[in-house]
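Asker: When you get a sec, could you give me coordinates for this:
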Amino acid sequence: MSAPTAPLSAPVANRRTFAIIAHPDAGKTTLTEKLLLFGGAINMAGEVKARGDNRRARSDWMAVERERGISVSSAVMTFVSDGLTYNLLDTPGHQDFSEDTYRTLTAVDSAVMVIDAAKGIESQTRKLFEVCRLRDVPIITFVNKMDREARDPFELMGEIEEQLALDVTPATWPIGMGRDFLGTYDILNDTLLLFGKRDGDRVTEPLRCTGLDDPQLAEHLPEKALAKLIEEVEMVRGLCPPFDLEAYRAGALTPVFFGSAINNFGVRELLKGVAELAPPPRSQPAEPRAIAPGETKVTGFVFKVQANMDPQHRDRVAFVRLCSGRFQRGMKLKHIRTGRMMAVQNPMFFLAQDRNLAEEAWPGDIVGIPNHGTLRIGDTLTEGEDLKVTGIPSFAPEILRRVRLDDPMKSKHLKRALEQMAEEGVTRVFKPMIGTDMIVGVVGQLQIDVLAERIRAEYDLKMHFEQAPYETARWVASDDKLLMKRFLEEVRGSLAEDHDGAPVFMARNSWELNRTLQDWPGVKFTATREQA
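Answerer: Next up is the predicted model:
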């Protein structure tokens with residue numbers, strides 16, 4: 001039975017919750033900065049690689065991010081522009097953090113895919129796109145770095161169409177590339193936008209001309225560039241499908257914007273595209289029924305937990321995506337996993353590290369709830385109905401390491417630190433049934449480096465990792481309770497518990513895993529597990 005719903009109210013219809021996805025070095029963090037700049041959220045954008053703390057990217061707050069110039073955590077930025085509220089989620093760009101990206105994409109209604117104009121579709125772009133496809137997330141494509149030597153725009157669009165099996169239609173069209181990049185032509189609005197290479201930190205107004213027959217064009221564009229633009233726009237209109245809003249929102253078509261984030265080219269048009277084309281909050285899959293954004297009762301789910309955003313206060317914040325209802329500070333919500341009611345006294349909105357108290361929030365908004373370990377990834381909060389948001393999985397780690405403390409007397413501190421990291425989703429922590437060593441599991445090597453750095457910096461613990469005697473891990477379950485009990489007893493030496501207490505089979509190699517699968521056909525071995 002569905003809950004009472006109403007047409008989307010203005011606050012809900014005016015929400016745009018979207019993520020930015022990209023291969024490393026495609027310019028994702030710079031684009032994030034410029035969207036904040038054009039949205040009026042900041043007055044000056046910081047260069048990722050500039051020197052000095054005041055010039056660091058605002059969305060990269062973790063020390064390892066600033067040192068390496070990459071994003072390894074998902075930042076959340078809320079800002080208001082032209083009557084719309086934007087919730088922008090900047091996902092980790094590095095492939096080793098794909099699990100965090102996957103969970104982030106469960107909390108958004110659309111995505112902006114950033115592509116390097118010289119490199120086209122890259123491996124991580126493809127992986128992230130597949131994650132979007134699993135959830136039918138609508139995608140707007142931004143082809144970045146047109147101020148450098150780039151591939152032919154038709155070739156790039158063909159690659160997107162072929163490799164991602166998407167219909168492609170340009171929303172804007174570039175005028176030249178590299179040193180000859182002069183601006184973009186807005187195909188959807190039949191408007192020419194010319195840009196001068198001014199200070200990339202500040203918003204400047206472009207010169208606007210209307211239509212390809214505007215006499216101003218000859219005054220501002222070289223004759224050769226103008227002739228090529230007219231020819232290419234005519235080709236686009238003849239070869240590419242017209243933009244179809246329903247096809248885009250169904251995840252079948254992507255509008256393509258061209259530009260240069262570092263020089264502000266095309267960023268304003270991209271933000272306008274998100275405002276006009278991207279969907280307002282969508283329904284969320286849940287058990288026993290889906291949750292519609294127009295429902296009157298509040299529901300939300302935790303898709304991310306971050307500890308020590310402020311190391312001086314040892315804080316721990318659960319990031320909650322609101323699915324329905326009007327949330328107000330101080331209201332009591334049911335924590336479905338424990339069945340307890342909790343009062344939410346200090347919810348907050350974010351602009352990277354900066355926080356503001358959230359007096360109210362609506363579907364689509366992301367609020368941070370400070371807590372001391374009560375909320376975990378995958379938890380659902382409601383005004384009372386027993387609903388569980390689904391589709392937020394854990395993934396089996398591909399790298400397993402044994403943890404060794406330099407000072408064994410601090411083992412309790414290490415256990416607490418690892419449990420907090422596990423609750424964040426930074427790592428999997430396994431406690432073998434036999435023995436005292438803790439084993440951590442991650443998807444990629446960079447996660448190991450970040451884990452070690454954070455334990456050292458945030459918990460002041462000196463430790464190192466050693467090769468574990470295991471190569472892979474699988475969660476185990478069976479519908480036959482007696483069979484499951486016998487299995488757990490017989491393979492006890494290869495069993496561990498994860499931080500939720502779920503049993504995990506630890507295999508020394510693929511042969512052992514395959515042999516155990518054959519020996520125990522009634523037991524399910526899974527590489528993914530729905531968050532508890």
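Asker: Would you map the strands across the stretch 1-150 of the chain?
Answerer: 15-22, 75-81, 84-90, 110-116, 139-144 (DSSP state E, counting those that start in this stretch).
Asker: mind giving me TSV with these and columns for mean neighbour count, distance to residue 474 and mean pLDDT?
Answerer: C-beta coordinates here come from the backbone N, C-alpha and C atoms, glycine included. Formatted as TSV, the strands of the stretch 1-150 of the chain follow (neighbours: other Cβ atoms under 10 Å; distance: least, Cβ to Cβ, whole Å; pLDDT from 0 to 100):
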stretch	mean neighbour count	distance to residue 474	mean pLDDT
strand 15-22	25	28	92
strand 75-81	21	32	84
strand 84-90	24	30	90
strand 110-116	25	30	92
strand 139-144	26	32	94
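Asker: how about these, which one is nearest residue 298?
Answerer: strand 15-22 (14.8 Å; Cβ to Cβ).
Asker: partners of the closest one, with directions?
Answerer: Here strand 15-22 is paired, per DSSP bridges, with strand 84-90 (parallel), strand 110-116 (parallel).
Asker: got the angle between that strand and strand 75-81?
Answerer: For strand 15-22 against strand 75-81, the angle by axes from the mean of the first three to the mean of the last three Cα atoms, to 10 degrees is 130 degrees.
Asker: that older thread, nearest to residue 413, out of the strands paired with strand 15-22?
Answerer: Of all the strands paired with strand 15-22, strand 84-90 sits nearest to residue 413, with 31.4 Å by Cβ to Cβ.
Asker: By mean pLDDT, which helix or strand of this structure comes out lowest?
Answerer: helix 63-68 (a mean of 51; mean pLDDT, DSSP states H and E).
Asker: Pull up the gap between the residue of the chain positioned farthest from its centre and residue 221, please.
Answerer: Largest separation from the mean C-alpha position in the chain: residue 215, at 44.3 Å (Cα atoms, centre = their mean). According to Cβ to Cβ, to the nearest Å, residue 215 and residue 221 sit 12 Å apart.
Asker: And residue 120, by the same measure?
Answerer: Residue 120 is 27 Å from residue 221, by Cβ to Cβ.
Asker: again, but for residue 316
Answerer: 55 Å.
Asker: Buried residues of the lengthiest helix in the chain, list them for me.
Answerer: In the chain, with assignment by DSSP state H, the single longest helix is helix 223-239. Neighbour counts using 16 or more other Cβ atoms under 10 Å place 225, 226, 229, 232, 233, 236 of helix 223-239 among the buried residues.
Asker: Stretch 212-219 now?
Answerer: Buried-residue list, stretch 212-219, by 16+ other Cβ under 10 Å: residue 217.
Asker: which residues touch it?
Answerer: Stretch 212-219 has contacts (Cβ atoms under 8 Å, 6 or more residues apart in numbering) with 185, 190, 192, 209, 226, 229, 230, 233.
Asker: Most widely separated two among those?
Answerer: 190 and 226 (15.4 Å).
Asker: measure the closest residue to residue 306 other than its chain neighbours to residue 350 for me?
Answerer: In space, and not counting its chain neighbours, residue 306 is closest to residue 317: 5.3 Å by Cβ to Cβ, 6 or more residues apart in numbering. Separation of residue 317 from residue 350 (Cβ to Cβ) stands at 9 Å.
Asker: Ok, residue 459 next?
Answerer: Distance, residue 459 to residue 350, by Cβ to Cβ: 24 Å.
Asker: ditto for residue 246
Answerer: From residue 246 to residue 350 the distance is 32 Å (Cβ to Cβ).
Asker: and these two? which has more neighbours close in?
Answerer: Using other Cβ atoms under 10 Å, the more surrounded residue of residue 246 and residue 350 is residue 350, with 22 against 8.
Asker: Phi, psi for that one please.
Answerer: phi -120, psi 150 (degrees, to the nearest 10).
Asker: surely it meets residue 78?
Answerer: Yes: applying Cβ atoms under 8 Å as the test, residue 350 and residue 78 come out as touching, 6.1 Å apart.
Asker: between those two, what contacts are shared?
Answerer: With Cβ under 8 Å, 6+ apart, residue 350 and residue 78 have common neighbours residue 366.
Asker: ok, back up a step: of the contacts of stretch 212-219, which one scores lowest on pLDDT?
Answerer: Lowest pLDDT of the contacts of stretch 212-219: residue 209, 72.
Asker: which ones are touching it?
Answerer: By Cβ under 8 Å, 6+ apart, the neighbours of residue 209 are 191, 192, 194, 216, 217, 220.
Asker: Equivalent analysis for residue 262, please.
Answerer: 27, 30, 34, 145, 147, 200.
Asker: And those residues, which is closest to residue 101?
Answerer: Closest approach between these and residue 101, by Cβ to Cβ: residue 27, at 16.9 Å.
Asker: Skip the chain neighbours and tell me the closest residue to the closest one.
Answerer: Counting by Cβ to Cβ, 6+ apart, the residue nearest residue 27 is residue 144, at 4.3 Å.
Asker: How about residue 31?
Answerer: residue 261 (4.1 Å).
Asker: hmm, back to that, looking at the contacts of residue 209, which are in strands?
Answerer: 191, 192, 194 (DSSP state E).
Asker: The first one against residue 233, yeah?
Answerer: Read it as residue 191. No: Residue 191 is beyond contact range of residue 233, at 11.8 Å (criterion: Cβ under 8 Å).
Asker: shared neighbours of these two, anything?
Answerer: The contact lists of residue 191 and residue 233 share residue 185, where a contact means Cβ under 8 Å, 6+ apart.
Asker: quick revisit: quick check: the residue farthest from the centre of the chain vs residue 520, distance?
Answerer: 79 Å.
Asker: So, low pLDDT: which residues of the stretch 301-450 of the chain?
Answerer: Residue ranges of the stretch 301-450 of the chain with pLDDT under 70: 308-315, 352-353.
Asker: Which parts of the stretch 401-532 of the chain are strands?
Answerer: Using DSSP E, counting those that start in this stretch, strands in the stretch 401-532 of the chain cover 428-432, 439-442, 463-467, 472-477, 495-497, 503-507, 524-526, 528-530.
Asker: Determine which of those strands approaches residue 366 most closely.
Answerer: Per Cβ to Cβ, nearest to residue 366 of these: strand 528-530, 21.5 Å.
Asker: mind listing what the closest one pairs with, with the direction of each?
Answerer: The pairing partners recorded for strand 528-530 under DSSP bridges are strand 393-395 (antiparallel).
Asker: Fine by me, thanks again.
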